[in-house]
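Participant: can you look at this prediction? I've put the sequence above it.
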Amino acid sequence: MNPIAFNLGPISIHWYGLLIALAFGLGLLLANYHGVQRKIDIDKLTNLLLLVIPAAIIGARLYYVLFNWGYYAANPLEIPAVWHGGLAIHGGIIGGFLAGYWYVRREKDLKLWTIADIIAPSLILGQAIGRWGNFFNQEAHGGPVSSEFISRFPDFIQKGMHIEGQYYHPTFLYESLWNGLVFIILLWMIRRKSLPDGVVAMTYLILYSLGRFFVEGLRTDSLMFGPFRIAQVVSIVSIILAGIFIYYKFQKQNKTEPDKND
């Protein structure tokens, strides 16, 4: 599996970088579309997204480097080499959220959770696309599997998951398909204007975390904190906090709606 898509003179263009760029490009277009539907100032939304995207990339890289510090301390020139892989989505969410929070606080006419709802479908679409970058890098795969097991998958998946004479679980594919399903659900939800602000974003967090928890259990390259897989711990915490948020939002909505029996 060749991770390089093509060369421009001495510069190698990696599939990973191309797919990340595609993910961000489509995500930006989709977010702008939903911004128009929600009557958000498109100039301000575009400015926010152009701030959030690099912040998310930086956050994703710093998160990954932090939990692999032993390697990067010995190889500091590899720290900016994102084309080799190594972007942690949880770090990206944190970095993007902090940048978005700062911008929304500055622009008083923007609502944080409305913006979060608009971005959520774009984010999960980007994740579904981005996982294919892991495929071309032959990373983020699961443990060994038999040739009989992998034969159930298309031929190009079999070839990509045949690494140094051994077949591996195509966990990138499992997560990409799950994210695609979550994307469809969020597209349906964001059209329901009766939902409280933030519910679409928190549903994203719950559904993505649910899928990630199970897929992470199959992976061989998990970031670890002692005996625990960090992504699984973060997923559990995210599901709990997002569930509490949704409960609170619906309780608040029910209290503010007039009683139809009066």
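Facilitator: Perfect, I can see it now.

Participant: for E216, give me its contacts.
Facilitator: Each residue near E216 by C-beta atoms under 8 Å, 6 or more residues apart in numbering is listed here: 222, 229, 231-232, 235. In short, each C-beta sits where N, CA and C put it, glycine included.

Participant: look up how far E78 lies from the spatially closest residue to A99 that is not a sequence neighbour.
Facilitator: Leaving out its chain neighbours, the residue that sits closest to A99 by C-beta to C-beta, 6 or more residues apart in numbering is A55, at 3.5 Å. In this view, A55 and E78 are 21 Å apart by C-beta to C-beta, to the nearest Å.

Participant: now do K193
Facilitator: K193 is 47 Å from E78, by C-beta to C-beta.

Participant: with neighbour numbers in mind, choose between these two.
Facilitator: A count of neighbours by other C-beta atoms under 10 Å puts E78 above the other of K193 and E78, at 14 against 7.

Participant: nearest residue to the middle of this structure?
Facilitator: Q127 (4.2 Å; C-alpha atoms, centre = their mean).

Participant: secondary structure for the contacts of E216 - can I get that in CSV?
Facilitator: Formatted as CSV, the contacts of E216 follow (DSSP: H, G, I helix; E, B strand; the rest coil):
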residue, secondary structure
S222, coil
R229, strand
A231, helix
Q232, helix
S235, helix
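
Participant: so which of those residues is surrounded by the most neighbours?
Facilitator: Neighbour-wise, the contacts of E216 (other C-beta under 10 Å) top out at S235, 23 neighbours.

Participant: now tabulate the contacts of E216 in JSON lines and tack on pLDDT and distance to E139.
Facilitator: Shown next, in JSON lines, are those (pLDDT from 0 to 100; distance: C-beta to C-beta, whole Å):
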{"residue": "S222", "pLDDT": "89", "distance to E139": "12"}
{"residue": "R229", "pLDDT": "94", "distance to E139": "16"}
{"residue": "A231", "pLDDT": "94", "distance to E139": "14"}
{"residue": "Q232", "pLDDT": "96", "distance to E139": "18"}
{"residue": "S235", "pLDDT": "96", "distance to E139": "20"}
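
Participant: now, which of the residues you listed sits nearest V104?
Facilitator: S235 (25.6 Å; C-beta to C-beta).

Participant: what about the spatially closest residue to that closest one that is not a sequence neighbour, how many neighbours?
Facilitator: In space, and not counting its chain neighbours, S235 is closest to S209: 3.8 Å by C-beta to C-beta, 6+ apart. For S209, the neighbour count with other C-beta under 10 Å is 22.

Participant: surely S209 and L241 touch.
Facilitator: No. Using C-beta atoms under 8 Å, S209 is not in contact with L241, being 9.9 Å away.

Participant: can you say which helix or strand has the residue nearest to the centre of the chain in it?
Facilitator: Assigned by DSSP states H and E, Q127 belongs to helix 112-137.

Participant: roughly how far is that helix from the heart of the chain?
Facilitator: Centroid displacement of helix 112-137 relative to its chain, using C-alpha atoms, centre = their mean, to the nearest Å, is 4 Å.
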